[in-house]
Each structure stands twice: as structure tokens, then as C-alpha cells.
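Q: return atomic coordinates for the entry below.
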Amino acid sequence: MQQLSLAELEHAGCRAEVTDCHRQIWKHGSLWLGNRSLPRATDGLIVVCSRIRAIFRAENEEPVSASQGDVVYIPRGTRYTVEFRNGGFDPDTYTVNFTLWNATGDAVCLGKSLCLLTSGAAPECRHAASELRLLCLDPRGSRLRRQARFFDLLAALCDSVVFHAHEHAPIYKGVRLLINEWDRNEHMDRYAAVCKISESSFYQHFKEWAGVSPNEYRINMRISAAKSMLRNSSISVREIAEQVGFPDPYYFSRCFRRAVGLSPRAYREKQKNTDFSTEDLTSTE
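A: From the prediction side, this is the model:
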């Protein structure tokens, strides 16, 4: 079975089936023995959400210790036990059972043995797991929504690997805020302040991480949105420029031409002609 890292998942074109997702509440000293003799039927993720220490023990493997913010991966077929310590008030975890397939339909895994997938994961992991649980509880819940929320969880895990276990961890909060505000013309010192670092340090970390400056990154997001609007709507170029964060349509056109090699109007015409050619080809078949 092919093994994929979280970083490789970004480009693997995988699909998934979520069997179930449930929240477990543990008391101090609780011990899980349900899979000691019964091998796990599917792959699973366990998201530890509160101040609790969990000791995972699998056959012929070193114990894995997890605490708040950690995510543990348990491959199918694993026999294991879990001991929960230092529960405190309302300790909880989310368990997600799932199967992954690659683009060719072959089952893939995130590891060959029980392991700590990531440490200190972002709050987005807990939110995605919580929403996934609600979708799994709903008997009329959409499979597509379950899959979408599961990939939200995987995306949050990928972000966690990139930032929390990386030298660019200091800019994580600023990057997430910048992405959420891609159409706003906030000064970059706002995002540096969120990270509690200097603006020059934010720029340096960001460029090492993304390969471009924060402003170029934001412009690229805007151009991507503008391309979609030019392809799929009849909104004027001026209106599109305003909607994606360019008060000056002439500056928007310069940025668009630099990124795409065409003016916005020429890009729209080219896409329109391409669509017509495709329709003509289809109609003659």
C-alpha cells in the first residue's frame, strides 16, 4: 500500500470515505481496551483537544504519548490500547475513522505504524473534527459534506506540519489572517503585529516560506479570483477590480497582464473563444 506524507497529500488527488467521527470523554486514569484483541477495521485519526495525556501502546512498537493539540494516526489492522491520564475538567478527543484512495483508486495510508502525526496542531483541526462529528451524527448528512470537512481537517494538519514544526512557525497566525483578508488593503504591519514580530521579520519569514513577498502573494490570490470572474461572469473589468481589492482598475490591469501575459479583456475574449470552440467540437460528435 502506498504511503503518503501530509505534504504529499496536497498534490495526490485523493478521495476519502469517512466511516464515522465521534467525541470521546475520558475520566482520570481511563483505559481503552477495545482494540487490544480486535484489529482496527479502518485508518483513524485521534485529535486530542484538552489537557490530557494519552499513552498509545501497539504490539511490538514503542509507546506514543500525545497531549493537547496532538493528532495521532492509527493504521487499519493495528491492535492497541490507550491509557488516559491527567484528565482534568471535561477531557475529550475526537476519533475519525476513514479510508483514503489515490487518483488511480488504490488505497493509501499516512503511515505504516501508529504514530504522532503532528504536534501542537492548530485550532482549525479541532473545529473541523467537531463539525465532522455533527455531520456523521446526522442520518441525513451529506457524504460530500463529510468528505469536504475531512479534507478541511487534513488541510489543517498540513498547515500544522508546515508551520508548527517548521522554522516559519512565528508567521502562522499572520498568514492565516492575510489569506482570510485577501481582498482587503490592510498594511502588512497588521499581520506582523498579530505574529508579535517586526514587519521586516514577517517579510523575511514569508518570502522564505512562499517564495514571494506577502504583497505579491495577496496579489496572486486576487488575480486568481479575477480570472474566475472574467471566465464565469459578465461583470465589467472595473467592477471586478474593485471586488478583488484593486481600487485602481489601471493598476489591476497592469498586475493582471504581468501575471497572465494578457490584459483582463483579452483574457476574457480568449476564454470565450475557447469555450465556443469546445462547444462546436462537442456538437459535431
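Q: contacts and neighbour counts: CA atoms only from here.
A: OK.
Q: show me where pLDDT drops low in this structure?
A: Counting by pLDDT under 70, the chain shows low-confidence ranges at 25-29, 86-91, 121-122, 141, 161-168, 275-285.
Q: all strands for it, in order.
A: Assigned by DSSP state E, the strands in the chain fall at 2-3, 15-25, 31-32, 43-48, 53-58, 64-66, 71-74, 80-85, 92-101, 107-109, 115-118.
Q: next, the contact list for the residue nearest the centre of the chain, please.
A: When C-alpha atoms, centre = their mean is applied to the chain, the residue found nearest the centroid is Ala155 (1.4 Å). Neighbouring residues of Ala155 by C-alpha atoms under 8 Å, 6 or more residues apart in numbering: Glu10.
Q: distance check, it against Gly105.
A: Distance, Ala155 to Gly105, by C-alpha to C-alpha, to the nearest Å: 21 Å.
Q: what does Phe150 give?
A: Phe150 sits 18 Å away from Gly105 when distances are taken as C-alpha to C-alpha.
Q: and what of Ser113?
A: 22 Å.
Q: then Leu114?
A: From Leu114 to Gly105 the distance is 24 Å (C-alpha to C-alpha).
Q: who has more neighbours, these two?
A: Leu114 (26 against 10; other C-alpha atoms under 10 Å).
Q: Val194: neighbour count?
A: Counted with other C-alpha under 10 Å, the neighbours of Val194 add up to 15.
Q: list the contacts of the closest residue to it other than its chain neighbours.
A: Distances taken as C-alpha to C-alpha, 6 or more residues apart in numbering place Gly174 nearest to Val194, at 5.8 Å, with adjacent residues excluded. Taking C-alpha under 8 Å, 6+ apart as the criterion, Gly174 is in contact with 191-192, 194-195.
Q: what does Arg126 give?
A: 47, 49, 94.
Q: so the second one sits right up against Ala66, yeah?
A: No. Checked against C-alpha atoms under 8 Å, the pair Cys49 and Ala66 is beyond contact range at 10.4 Å.
Q: thinking again about what came up before, save the contacts of Gly174 as CSV, and put in distance to Asn232 too.
A: Output for these, formatted as CSV (distance: C-alpha to C-alpha, whole Å):
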residue, distance to Asn232
Tyr191, 32
Ala192, 35
Val194, 36
Cys195, 37
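Q: now the buried members of these.
A: With burial judged by 16 or more other C-alpha atoms under 10 Å, the buried subset of the contacts of Gly174 is 191-192, 195.
Q: go ahead and confirm Phe150 touches Thr19.
A: No. Phe150 is not in contact with Thr19 according to C-alpha under 8 Å; the separation is 10.8 Å.
Q: looking at these two, which one has more neighbours?
A: For Phe150 versus Thr19, neighbours defined as other C-alpha under 10 Å are more numerous around Phe150 (24 against 15).
Q: what is the burial count for the closest residue to the more buried one other than its chain neighbours?
A: Excluding the flanking residues, the one nearest Phe150 by C-alpha to C-alpha, 6+ apart is Leu132, at 6.7 Å. Counted with other C-alpha under 10 Å, the neighbours of Leu132 add up to 25.
Q: can you check which of the strands of the chain gets nearest to Lys227?
A: Closest to Lys227 of those is strand 15-25 (C-alpha to C-alpha; 26.8 Å).
Q: next, the buried residues of the closest one.
A: With burial defined by 16+ other C-alpha under 10 Å, the residues of strand 15-25 counted as buried are 16, 18, 20-23.
Q: before we move on, what about stretch 35-50?
A: Buried residues in stretch 35-50 (16+ other C-alpha under 10 Å): 35-36, 40, 42-50.
Q: cool, and stretch 195-215?
A: By 16+ other C-alpha under 10 Å, the buried positions in stretch 195-215 come out as 195, 199, 202-203, 205-206, 209, 213-214.
Q: next, Leu114: phi, psi?
A: phi -60, psi 130 (degrees, to the nearest 10).
Q: use 499 as the first number from now on
A: Will do, 499 is the new start, and the previous item becomes Leu612.
Q: Trp530 versus that one, what's the distance?
A: Distance from Leu612 to Trp530, by C-alpha to C-alpha: 15 Å.
Q: nearest residue to Ala605 other than its sequence neighbours?
A: If the residues on either side of it in the chain are set aside, Ala605 comes closest to Trp599, at 4.2 Å by C-alpha to C-alpha, 6+ apart.
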